[in-house]
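[1] Next one to model:
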Amino acid sequence: MKKFRRIWFVLVTAATLCFGGYQVFKYIKEDSSGPVISCSQETIQVSIEDEESVLLKGVTAKDKKDGDVTDSILIEKLSGLYDGNKRTVTYAAFDSDNHISKTEREVIYEDYTSPRFGLSGSLRFRAGENVNIDQIVSAQDCIDGNISNKVKIVMDTTINNRVTGIYDIVYEVTNSAGDNAKLPVQVEIYDNNRNEVDINLSQYLVYYEGEAINYKSYLKSIKSGTIESYFEGVESADGQNGTISKNSVTVQSQVNENEPGVYPVYFYYENYGTIYTQGTEVMYVVVQ
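    So this is what the prediction gives:
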């Protein structure tokens, strides 16, 4: 009986050692780590026109068990913009055991510009007129395209279209990269009893691009009631060339081309004919 017990003890001990050894071997054999992701450059410069796949340039992944797993690399996310034109891209790669590894690098957009606004109409309204400041604004973004539906209007004082005066408002828009653009302008409600004509412009907002702006080139027409007369060099809807001299308009600019900001440019028209008429219009210039 004692001999049998000794044999049984030896067998149990051997089995335990074998099982333990197998578990150690299995643990060593198993792949417990994810792939190693490498970037040939810490920073990559791209164009906003580039496909997202360009962000994968120079990125590889190797796994201890599976070898080259570069094909598994995904762009997990892009951060918001910082320093004007930079973002952080996060890459993820995985192996056959579903181990995931991640790494990051900086992306610099060579040609990025913040969202830009457009104004298709005047910000001056006769008392009692519909103040359609939400309908004349648009916004275009180099990443998202048309984002006019994201424009918000911020104002400290509600505009009363029956009370003449100047009202400060700010147009705001944010793109998908988190870049927030603002356009501070003024809305004027003026007395509709004045003998004032409308000066129509082809644009009411322009961006300074480094070259002198010919403001009178934006003059389109003079409108009095239902009668619209066009300036010289401008073709009317029926194909007739305009006859009003642009010299009848005086331009006063407050633009400082060396200082970023939003500046008003004033157009003044006077006609000393049988009935004296005059008009005022405002264009805004953005210097970035």
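[2] State whether residue 247 is indeed within a helix.
    Yes - under DSSP: H, G, I helix; E, B strand; the rest coil, residue 247 sits within a helix.
[3] Enumerate every residue touching it.
    Residues near residue 247 by CB atoms under 8 Å, 6 or more residues apart in numbering: none. Heads up, the C-betas are built off the backbone N, CA and C, glycines and all.
[4] Give me the nearest residue to residue 281, chain neighbours excluded.
    Nearest residue to residue 281, sequence neighbours excluded (CB to CB, 6 or more residues apart in numbering): residue 199, at 3.8 Å.
[5] Give me the helices and strands touching whatever helix or strand the one you found lives in, please.
    Using DSSP states H and E, residue 199 sits within strand 198-201. On a contact count with 3 or more CB pairs under 8 Å, 6 or more residues apart in numbering; DSSP states H and E, strand 198-201 meets strand 219-224, strand 261-272, strand 276-287.
[6] as a whole number, average confidence for it?
    Computed over strand 198-201, the mean pLDDT rounds to 97.
[7] Okay, now the sheet partners of the next helix-or-strand element following it, with direction.
    Downstream of strand 198-201, the first helix or strand assigned by DSSP H and E is strand 205-207. In the sheet, strand 205-207 lines up against strand 276-287 (parallel) (DSSP bridges).
[8] chain center to the strand it pairs with: distance?
    Centroid separation for strand 276-287 versus its chain: 28 Å, with CA atoms, centre = their mean, to the nearest Å.
[9] Residue 114: which of the helices and strands packed on strand 198-201 is closest?
    strand 276-287 (10.1 Å; CB to CB).
[10] For the stretch 1-150 of the chain, which residues score under the pLDDT cut-off?
    Where the stretch 1-150 of the chain drops to pLDDT under 70, the residues are 1-32.
[11] Mind jotting down where the strands sit in it?
    36-39, 43-46, 59-63, 67-68, 74-78, 86-94, 100-109, 116-119, 124-126, 137-141, 145-146 (DSSP state E, counting those that start in this stretch).
[12] In a markdown table: those strands, plus distance to residue 236 and mean neighbour count.
    A markdown table is the format used below for those (distance: least, CB to CB, whole Å; neighbours: other CB atoms under 10 Å):
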| stretch | distance to residue 236 | mean neighbour count |
| --- | --- | --- |
| strand 36-39 | 59 | 16 |
| strand 43-46 | 46 | 15 |
| strand 59-63 | 58 | 19 |
| strand 67-68 | 68 | 11 |
| strand 74-78 | 49 | 14 |
| strand 86-94 | 48 | 18 |
| strand 100-109 | 43 | 16 |
| strand 116-119 | 22 | 19 |
| strand 124-126 | 23 | 18 |
| strand 137-141 | 25 | 20 |
| strand 145-146 | 29 | 10 |
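[13] closest one to residue 174 among these?
    The nearest among those, by CB to CB, is strand 137-141 at 9.5 Å.
[14] Can you tell me the strand partners of that closest one and which way each runs?
    Paired neighbours of strand 137-141 in the sheet (DSSP bridges): strand 116-119 (antiparallel), strand 145-146 (antiparallel).
[15] Need these in a markdown table (columns: distance to residue 193).
    Shown next, in a markdown table, are these (distance: least, CB to CB, whole Å):
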| stretch | distance to residue 193 |
| --- | --- |
| strand 116-119 | 26 |
| strand 145-146 | 40 |
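[16] quick one: which of these is nearest residue 255?
    strand 116-119 (16.0 Å).
[17] how near is residue 277 to residue 164?
    19 Å (CB to CB, to the nearest Å).
[18] Then residue 245?
    Going from residue 245 to residue 164 by CB to CB gives 31 Å.
[19] okay, those two: which has more neighbours?
    Of the pair residue 245 and residue 164, residue 164 is the one with more neighbours under other CB atoms under 10 Å, namely 14 against 9.
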